[in-house]
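**Q** Next input, structure requested:
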Amino acid sequence: MHDFVRTTLSAQLCPHLGVHQWESRRTIGDVGLAEDDDGLPGRSDPSDDLLHIVIPDDIRELDAEVAAYHREIEQARREERRSRRRSRFLPRWARGGLPSPVFTVALIVIASTGLLLSVFAPVTQEQPRTLPISSLAHPKVAVGRVGGLLPDVQLVGDTQRISTRAVRPAVLILVPATCDCAEQVRQIVGQAGEVPPAPYTVIVSAGQDTTAAKLADAREGGHGEALGVRDVNGVLARTYHASATDPTLLFVAGDGVLTASPTVFHVGGRIEGALAPLHF
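**A** Residues are numbered from 1 along each chain as shown. Okay, the predicted model is just below:
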């Protein structure tokens, strides 16, 4: 009876192997051995390994394997149904993973337009910084007075000489020798830069004193935004009675005219009112 059950189960569980005839087998313990044509066990051909299936005594021991087999079959069927649905609703050009022709054409048009614009766009060059200055005035007011021109003095820098009448509009900062006025200079330069376009800021020291150059380069002073020069003969300091302790400011308009009385600047002072007329 046991041999009949085992033979029947072998036929039912292994139909996918394409086996219509099978050899009778007998078991030794839990191991099934196929019998050769000569009736001797254990001498089967290696190609017959697929038929060496161990059949348990209790068929319920195969429940887990049968359930796993059915799950695999069902999973394969679901994948096949999904594939059919995708093929049904997707256009042919999308089934192979290719982008939409419309999308591709749009990209080509955008790229071509950008290339043409970059090639044929007009080339513009940034204009150099210019200040709205006018021709040098010829006022009737005497030189050195408010409403008149500055004295024509050559100011000496590190590598060049400039005329007092060539730098305009400008704020000239006359500083005494060894002036400890970096904070005043910082505030003056900062306020001058707040009125666009900013006038030139020129720090002037008298004689051979190099205080102006040091203040122009100081991080807490001009910070490289002001020009430090020397009035070798001290003409400006004498003409405008510059302070011996604090910076004295001269406001020069675009036409070279002195627009306001010399102003001694102290920390916290404001000069917006004096800066406004420099461009007119």
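**Q** ok, Tyr69 - how many residues close by?
**A** By the criterion of other Cβ atoms under 10 Å, Tyr69 has 13 neighbours. C-betas here are computed from N, CA, C, even on glycine.
**Q** phi, psi of it?
**A** phi -60, psi -40 (degrees, to the nearest 10).
**Q** domains of this structure?
**A** What automatic domain parsing lists as the domains of the chain is 2-57, 154-279.
**Q** Least reliable of the ones you listed by average pLDDT, please.
**A** Of all these, the minimum mean pLDDT falls on domain 2-57 (a mean of 47).
**Q** List the contacts of Arg230.
**A** For Arg230, the contacting residues are 155-157, 204-210, 212-213, by Cβ atoms under 8 Å, 6 or more residues apart in numbering.
**Q** which residues in the chain form helices?
**A** 2-13, 63-89, 92-95, 101-120, 182-192, 211-217, 235-239, 272-275 (DSSP state H).
**Q** So for the third one, mean pLDDT?
**A** When you say that, I think you mean helix 92-95. Taken as a whole, helix 92-95 has a mean pLDDT of 54.
**Q** Thought Val143 was touching Thr164, still the case?
**A** No - at 10.5 Å, Thr164 and Val143 do not qualify as touching, with contact defined as Cβ atoms under 8 Å.
**Q** With neighbour numbers in mind, choose between those two.
**A** Thr164 (24 against 13).
**Q** can you tell me how far the more buried one sits from Gly256?
**A** Using Cβ to Cβ, to the nearest Å, Thr164 is found at 9 Å from Gly256.
**Q** Next: Ile173.
**A** Counting by Cβ to Cβ, the gap from Ile173 to Gly256 is 18 Å.
**Q** can you check Leu136 too?
**A** Note on Leu136: its distance to Gly256, by Cβ to Cβ, is 5 Å.
**Q** what about those two, which has more around it?
**A** Per other Cβ under 10 Å, whichever of Leu136 and Gly256 has more neighbours is Gly256, with 25 against 14.
**Q** Just confirm the more buried one contacts Val143, I think it does.
**A** No - using Cβ under 8 Å as the test, Gly256 is too far from Val143 to be in contact (10.4 Å).
**Q** Between the two, which contacts overlap?
**A** By Cβ under 8 Å, 6+ apart, the residues touching both Gly256 and Val143 are 149-150.
**Q** got the residue ranges for the strands in the stretch 101-250 of the chain?
**A** 154-156, 161-163, 170-174, 200-206, 227-231, 248-252 (DSSP state E, counting those that start in this stretch).
**Q** coming back round to it: give me the common contacts of Leu136 and Gly256.
**A** Joint contacts of Leu136 and Gly256 (Cβ under 8 Å, 6+ apart) are 149, 165.
**Q** anything in contact with each of Thr164 and Val143?
**A** The contact sets of Thr164 and Val143 overlap at 150-152 (Cβ under 8 Å, 6+ apart).
**Q** returning to that earlier point: burial-wise, tell me which of the strands of the stretch 101-250 of the chain comes out on top.
**A** strand 170-174 (a mean of 27; mean count of other Cβ atoms under 10 Å).
**Q** Parallel or antiparallel, list what pairs with that one.
**A** strand 200-206 (parallel), strand 248-252 (antiparallel) (DSSP bridges).
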